[in-house]
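J.: based on what follows, work out the 3D shape:
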Amino acid sequence: MRELALHVLDIAENAIAAGARQLRITIGESVAEDSLVIAIEDDGHGMDEATLAKVREPFFTTRTTRDVGLGVPLLAAAAERCAGNMEIVSAPREGTSVRARFQRSHIDRAPLGDMAGALMSVLLRSPDESLELRYEHRIDDWVFAFDTREVRDLLGDVSLGDPAVRRWLSEHLSRCEQELKEQSCPR
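T.: Residues are numbered from 1 along each chain as shown. Presented below is the predicted three-dimensional model:
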């Protein structure tokens, strides 16, 4: 995949398909440690040991809507190609945690990409609005955090799917991601 945000989106879609109601996406970047860590945690159905053992195999999928499952193997390969690794922890009825580590400056590391777009896709994937999404992106000492619970508290009865709210969310997420990158860049 051309950008890491697409990997995040793929893993998040897996979580939603597994019945997740809570999803936490965390991105941690450290210039000093030359690291980028992406963590995605959910409270979905989780995987048994047999499924967990196969999940890194190309073309393995539990979805009935398609025959190919490349998301997890591609993320693992991307991390390993950049002097990193990927870990998955999962258990039935306990959810799943995926953590991918990359050497931040590695020449083969794909850019993070459009995280705002990926987050909007995740939000729109939950039409009944039952998904609680918490997102945090940290670059050294600078942090951008987003939590749908806080937004829903402010909106009251107005839906996240309302066109005006979607437009505001998209602009807000894009602006905050851009500001985070600008703050963390040396001047």
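J.: okay, CA-based contacts and neighbour counts for the rest of this
T.: Noted.
J.: now the helices: where do they sit in the protein?
T.: 4-17, 49-54, 71-81, 115-124, 148-155, 163-184 (DSSP state H).
J.: buried sites along the fifth one?
T.: For helix 148-155, the buried set under the neighbour-count rule, 16 or more other C-alpha atoms under 10 Å, comprises T148.
J.: gap between the worst-scoring helix or strand of the chain on mean pLDDT and the chain center?
T.: Ranking every helix and strand in the chain by mean pLDDT, DSSP states H and E puts helix 49-54 at the bottom, with a mean of 84. A distance of 22 Å separates the centroid of the chain from that of helix 49-54, by C-alpha atoms, centre = their mean, to the nearest Å.
J.: would you mark the buried spots in it?
T.: L52.
J.: same check, this time on stretch 121-139
T.: Buried residues in stretch 121-139 (16+ other C-alpha under 10 Å): 122-123, 126, 131-135, 137-139.
J.: what about it, distance to the chain center?
T.: Worked out by C-alpha atoms, centre = their mean, stretch 121-139 lies 9 Å from the chain centre.
J.: tell me if I'm right that V98 and L75 touch.
T.: No - using C-alpha atoms under 8 Å, V98 is not in contact with L75, being 9.9 Å away.
J.: okay, those two: which has more neighbours?
T.: It is L75, of V98 and L75, that has more neighbours when counted by other C-alpha atoms under 10 Å, with 25 against 20.
J.: let me see the confidence value for that one.
T.: Listed pLDDT for L75 reads 93.
J.: can you pull the contacts of the residue nearest to it when sequence neighbours are not counted?
T.: Closest residue in space to L75, ignoring its immediate chain neighbours: H7 at 6.2 Å, by C-alpha to C-alpha, 6 or more residues apart in numbering. By C-alpha atoms under 8 Å, 6 or more residues apart in numbering, the contact set of H7 is 1, 71, 75.
J.: distance of the first one relative to N14?
T.: Read it as M1. 16 Å (C-alpha to C-alpha, to the nearest Å).
J.: bridging residues for the closest residue to E41 other than its chain neighbours?
T.: In this structure, E41 finds its nearest non-sequential neighbour in S97, 4.3 Å apart by C-alpha to C-alpha, 6+ apart. S97 has the following beta-bridge partners by DSSP bridges: E41, V89.
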